[in-house]
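S.K.: Predicted structure and sequence below. I'll ask about it afterward.
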Amino acid sequence: MTLLKKLQWSFGLLLFFFVLPVIAGQLPFNKQASTPIKEPEDKQVVYAATNLAEQSALEQTKEETKEATKEASKEATKDQTQAQTKKPFKVLLLFTHSQESYQPIVKAASGKAAVYDEKTNIYQLKDTISKHFSTNGIQTDVLDVDVMKELKLKGKTFPYSYNFVRPYLAKRLEEQSYDLVIDLHRDSAKRDATTLTYNNESYARIAIVIGAEHKNYRWNTAYAESLSAAMNGIVPKISRGVISKSGDNVDGRYNQDLTKEMILIELGGIDNTEVELNRTIAVIGKAISKSFITGKQE
């Protein structure tokens, strides 16, 4: 090999080793290795419970809910208290002719027919009447005096009944107030005048009597007419209406001058049965509620 060829070969070899790193740096597999790796950034994770604004709003909402619950509880308690303390509608019952009786009931009890009886009489209906009235939201008191029994013990006659019961009634009205006072009697009329059939059921008819010789006359009449109309609205013609009495041979007051809320009801007649009376008593209770309790709230 000539000297010139040796120099050319050596120069080429040197050039190859000089260029090799440059060529290697351009190859693809080295780019990834030469790219610097970025460290992940620290990011703060924010949760809803740790967000101060939202947490504050949440706490405020909780407090408002507590307050609303307290207020609702107070209102409920207030309403319940008002319902419990609401004044009930109070009725006083009395039986001036306490031993007036109904022939079918007396006959069933004793086997005899009588229109007056010491044991089986209108006065003994007081518990049945109270029960029906209570069903209609009416608080019922009874003037617990067997007037006709006391008259006999004191040697007084039947016409003295109203004068005899008067001080008992006056004393009770001084002690307590009532929304309605009812003096219950049995009419002396026969069955055809005191009985009504409605929807295949028979009822004892009633009449309301008002004494027209006292200062409360118009007030008592207004109560009577309201009740009569309400009863006829439940069972048509069950009430024979309001009868005003004055003049000779009548009482003219029936102690209704003691209170403007007092009326006298003739409950059926001598021939009415216990079933018929019970049906009518139920209607009276409903009519009182409709006239004087429910009607006031509408």
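M.R.: Received the coordinates, thanks.

S.K.: Next up, the contacts around residue 244.
M.R.: Counting by CB atoms under 8 Å, 6 or more residues apart in numbering, residue 244 touches 209-212, 217, 221. Backbone N, C-alpha and C define where each C-beta goes, glycine included.

S.K.: what does residue 99 give?
M.R.: 116-118, 121-123, 146, 148-149.

S.K.: any idea how far residue 133 is from it?
M.R.: Residue 99 is 22 Å from residue 133, where distance means CB to CB, to the nearest Å.

S.K.: How about residue 87?
M.R.: Residue 87 is 16 Å from residue 133, by CB to CB.

S.K.: Looking at those two now, which is surrounded by more residues?
M.R.: In this view residue 87 and residue 133 are compared by other CB atoms under 10 Å, and residue 133 has more residues nearby, 24 against 8.

S.K.: So, low pLDDT: which residues of the stretch 51-200 of the chain?
M.R.: Within the stretch 51-200 of the chain, the stretches with pLDDT under 70 are 51-85.

S.K.: Can you tell me which of the contacts of residue 244 comes closest to residue 93?
M.R.: Distance to residue 93 across the contacts of residue 244 (CB to CB) is lowest for residue 209, with 15.6 Å.

S.K.: Can I take it that the closest one is in a strand?
M.R.: Yes: with DSSP: H, G, I helix; E, B strand; the rest coil as the criterion, residue 209 is part of a strand.

S.K.: what sits against the nearest residue to it once chain neighbours are set aside?
M.R.: Leaving aside its chain neighbours, residue 209 sits nearest to residue 264 (4.3 Å; criterion: CB to CB, 6 or more residues apart in numbering). Listed by CB under 8 Å, 6+ apart, the contact set of residue 264 reads 182-185, 208-211, 254, 256.

S.K.: any idea how far residue 241 lies from residue 92?
M.R.: As defined by CB to CB, residue 241 lies at a distance of 23 Å from residue 92.

S.K.: Between the two, point out the one with more neighbours.
M.R.: residue 92 (23 against 13).

S.K.: got the contact list for the more buried one?
M.R.: Contacts of residue 92 by CB under 8 Å, 6+ apart are 140-143, 172-173, 176, 178, 180-182.

S.K.: same thing but at 6 Å, please
M.R.: Shown in contact with residue 92 (CB atoms under 6 Å, 6 or more residues apart in numbering): 141, 178, 181.

S.K.: Could you do residue 110 as well?
M.R.: Contacts of residue 110 (CB under 6 Å, 6+ apart): none.

S.K.: list the buried ones in stretch 115-128?
M.R.: 115-117, 120-126 (16 or more other CB atoms under 10 Å).
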